[in-house]
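>>> Build the 3D model from these lines:
(chains A and B)
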Amino acid sequence: MSEGIGARVLRKEDKRFITGKGRYTDDIIEANQAYAAFVRSPHAHARIVSVDASAALAMEGVETVLMGPELVADGIGNIICGWGVTSKDGSPMNMGAWSALATEKVRYVGDAVAIVVADSKALAKSAAEAVVVEYEELPVVVGSVEALAEGAPQLHENAPGNLIFDWEIGDLAPTDAALASAAHVTEMDITNNRLAPNPMEPRSAIATFNEAEDHYTLYTTSQNPHVARLVLSAFYNVAPEHKLRVIAPDVGGGFGSKIYIYPEEIACLWAAMKCGRSVKWTSDRTEAFLTDAHGRDHVSTAKIGFDKDGKIVGLKVNTKANLGAYMSLFSSAVPTYLYATLLSGQYDIANIYCDVQAVYTNTVPVDAYRGAGRPEACYLIERLMETAAREMGVDPAALRAKNFVKSFPHQTPVIMAYDSGDFDANLKQAQEAADVAGFAARKAEAASRGKLRGLGYSNYIEACGIAPSAAVGSLGAGVGLWESAEVRVNPVGTIEILTGSHSHGQGHETTFAQIVAERFDLPTENIQIVHGDTDKVQFGMGTYGSRSGAVGMSAIVKAMDKVEAKVKKIAAHVLEAGEDDIVIEGGAVKVAGTDKQMLWHEVGLAAYTAHNIPEGMEPGLKESAFYDPTNFTFPAGCYICEVEVDPETGVTEVVQFVASDDFGTIINPMIVEGQVHGGIAQGIGQAMLENVVYDEMGQQLSASYMDYTMPRADDLPNYSVHHASTVCPGNPLGMKGCGEAGAIGSPPAVINAITDAIGNNNLAMPATPAAVWAALQDVQSKIAAE
Amino acid sequence: MYETNFHSVSSPQEAEAILATATDAKILAGGQTLIPTMKQRLAAPSDVIDLSRAEGLRGVTITKRKVMGVIKADGGETVTIGAMTTHAEVAANAELAEVFPAMCRLAGNIGDPAVRHRGTIGGSVANNDPAADYPAALLALAATIHTNKREIAASDYFQGMFETALQEGEIITAVSFQAPAAGGYGKFPNPASRYAMAGVFVARSKDGAVRVAVTGAGENGVFRHAGLEAALTADYSANAVDGVEVSAEGLMSDLHGTAAYRANLIKVMAKRALA
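Model prediction:
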């Protein structure tokens, strides 16, 4: 079947997107809709003394101005973090209250104080400007290290010292002992820079309240509409689930930032009920910088020890994770269970200890962003490995290979049990594609042009397809992380797949159709994917953490198993044959070895007319399934980056980037390559370009594209993407997940290449021209001093 | 964006009349700074006067010196660029490319294609963004800024960050300069905005005098660099630049780079301007 598993089927959804016919939240116009604008704090930390909305309310066309105290009085609940993390001493995490509209204090620039609803967007903005808020400014702290220091400004009363939790994993004493006995110890301070997610489509919401039916509808830019409905119902008390429909129509990118339920959606729903009109809000780009959950922002110290043969004996890490002013939905899981559990990397390490202090600061809340914890882990271990190899004077690839995990399953000391992989195969494939053997000649040639050439490795592993519900529940998750699917074969034989996964760029309408095409030997044009609407789809946990293939598609497979069984029963009955003799191929259901057959659509019709189906069988041909994974999946690979640095300016060009990935079974190689390209673009963005910068007053200096460097085509190389795969034993299709690998694996490869070129391991992300130049000056002053 | 009154005028005189009566009118000369600023509600002009349909403000004219019927491009030609000439038009002007191609290259590296097809030289010069490219060129070329009221020497015109000699009601109509015997522009773009972090324009006139103007790096906008001018007047070569001490004093430090880095860039870009 040309459109089945492994085929490069063109994306079905692209006709809509590239002809401008997508239907995004902001495209939707409800009758008599009003527009919302938010009054936002200009201060990073302040007490609200008074709010005077009289001038705004007096403006013609202003519907209402609503504030925090009224929201609280109406019973709208505080925004929650859905994953409880317990500190070393057994105490629960210290979650400060986060009201959708601030009541007494504001804690970051952009914190919402009031929602203004008016006849037009421009009027709503003008009215928001006319709301007079008197603030009493409070001292500000923006960095995690500073926030933990004695005497630092305090954000939340119930989080003394701004400490949310002090968590640990692994065994301290054996790790310390191993490091003490090590023949070589490499020690580094490693910072993972804060990023703004910047999906192309900014967040948007349109809320409608039907008073006659006591029913709400919310269109919103969500990666997981069912989770949004659940949280809005169970925690924010907007409406019970059967009285709230959440629709995430076409969504233009998320990268994690659209997992969460933000103050704006809650306020729009509440305001729609208060004023009896549909209320629409669409973020502009500045608001996106100021309010979309940021990613990363770790400050770590790390020690890795080796024996005399270069085998790793222990790894010890301390990380301070900046979670911003409030705890976002999954913020606690990112620097703990999604981070420290991956610190073993691709290596067999007997002793690992990591402790993590999560910290409140006067900054935008930080949560999962493409990779979510695994990029931080990968960056840390891969920079340590490369630096250690340089310090010991050994080949960095050989040092890695010596320590690779070689047999599976492999239980690490940090929870994860790797199920499959062939790290040697990825390393070799990447080395050949990158012509590592020819590097010395290329370096010499570059030197003749006055350029410094460097090569860096990153041998990443990550965990995605999160994960057995009981396992994540035992670690503190407030939700189960299964997925659901429904397969509807219509009477005419066409198929609708209802999935709880949500596509916001991933191409599910194509790839999900491919696995159905493969199973029933039908063209993908006969298959429609339905997602993103709580009224249509039974339930779902949404799309993040590269879970839609390994978990979402597995649910479809389970539902297809049931459909196939019923199809075979009906055909066996009609064709008077044994069920075991029935085969499905070429658009027909056949008795093997005979010319007896029913066309596929005849089976559908038979199921729905129910004139001639086995006795006792229910009519219809529609099956659903819930799939709960048995383990994480473990995509892994080897990335090799080659750069050229202009020593006069520090300008660095990525001249070659090779990826060898192990994603298990690949449904559509074209889409997988696109995911890798995009992921590496974001990884190069983090490594060389992107950085959220605050001043000491908590103002975001990088809150526009004048100062926040988004990767552009001419910043990026042509990628050389390869696959050396092992089948994942944990799910029926053998898939591992490819959505985040590029962003996880690439930053250390880039920095390892640049530090190789300039001969200075002390370089932080982003390696801007100014940073690289400064690191080169340090090398020269050292040489001059010697 | 706040509400504003939009005027499309057919002449600078018509614009002048509106400027005289409106409470806070702004000229729209391409809008590459004004429109984004208005959209962010950082500017709220009562009136916006669009010059894009005004006559006589667009195009490049060159008073050529021909020897035996062939354009002699060895400097001294008078180049006049209408205020409403877009960057794309300057970049693509074949006659200008014959007498002074560095100016075409400069224009062709401003912003992105969308900016270059809307933004104009008059708009850039009137705004005098401290990181814009044209101010460095005009200051180094000892250009003349022509307005509806007078002619202003570039050295008098550029008065610091976003500050110019323009007075109320004054509209730039053109800029003009003598094509130099040699010259060029070295630009180090800001990785995010791609404005200049350090842009160095070097121009050697027919009489041998070298002027060097720096944009993007100074704390107070475009400035001339006496040390580089002296060195290059004595020896018009990259080697001469090596011997010059470029001080970090008075240079900008921000999230994109320190003053020391910008001082380094000024030297490197000066050398690249000569290449």
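>>> okay, CA-based contacts and neighbour counts for the rest of this
Fine.
>>> Domain map for the chain?
The chain I'm using is chain A. Domain assignment of chain A by automatic domain parsing yields the ranges A:15-135+A:200-253+A:258-291, A:295-466+A:631-785, A:482-627.
>>> switch to chain B, that's the one I care about
When chain B is cut into domains by automatic domain parsing, you get B:5-50, B:60-274.
>>> Residue A:128 is nearest to which of these?
Of all these, domain B:5-50 sits nearest to residue A:128, with 12.4 Å by C-alpha to C-alpha.
>>> touching chain A at all, the closest one?
No: using C-alpha under 8 Å from any C-alpha of the partner chain, no contact is recorded between domain B:5-50 and chain A, whose separation bottoms out at 8.8 Å.
>>> Can you report how many residues lie near residue B:36?
Neighbours of residue B:36 under the rule other C-alpha atoms under 10 Å in any protein chain shown: 13.
>>> what's the answer for residue A:276, then?
For residue A:276, which is what you asked about, the neighbour count (other C-alpha under 10 Å) is 17.
>>> Residue 107: neighbour count?
Picking chain A for this. Residue A:107 has 29 neighbouring residues, counting by other C-alpha under 10 Å.
>>> that answer is for a different chain, and I need it for chain B
A count of neighbours around residue B:107, defined by other C-alpha under 10 Å, yields 21.
>>> which residues are contacting the lengthiest helix in chain B?
In terms of residue count, the longest helix belonging to chain B (DSSP state H) is helix B:259-274. Taking contacts as C-alpha atoms under 8 Å, 6 or more residues apart in numbering or on different chains, the residues outside helix B:259-274 that touch it are A:648-649, A:770, A:773-774, B:183-188, B:197-202, B:214, B:217, B:237-238, B:241-242, B:246-253.
>>> ok, now stretch A:435-453?
For stretch A:435-453, using C-alpha under 8 Å, 6+ apart, the contacting residues are A:454, A:455, A:642, A:643, A:644, A:645, A:646, A:647, A:754, A:756, A:757, A:758.
>>> Next, format those as JSON lines and append distance to residue A:337 and neighbour count.
Putting the contacts of stretch A:435-453 into JSON lines (distance: C-alpha to C-alpha, whole Å; neighbours: other C-alpha atoms under 10 Å in any protein chain shown) gives the following:
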{"residue": "A:454", "distance to residue A:337": "34", "neighbour count": "27"}
{"residue": "A:455", "distance to residue A:337": "31", "neighbour count": "25"}
{"residue": "A:642", "distance to residue A:337": "32", "neighbour count": "27"}
{"residue": "A:643", "distance to residue A:337": "33", "neighbour count": "26"}
{"residue": "A:644", "distance to residue A:337": "37", "neighbour count": "25"}
{"residue": "A:645", "distance to residue A:337": "37", "neighbour count": "25"}
{"residue": "A:646", "distance to residue A:337": "40", "neighbour count": "19"}
{"residue": "A:647", "distance to residue A:337": "41", "neighbour count": "18"}
{"residue": "A:754", "distance to residue A:337": "30", "neighbour count": "30"}
{"residue": "A:756", "distance to residue A:337": "32", "neighbour count": "21"}
{"residue": "A:757", "distance to residue A:337": "34", "neighbour count": "24"}
{"residue": "A:758", "distance to residue A:337": "35", "neighbour count": "23"}
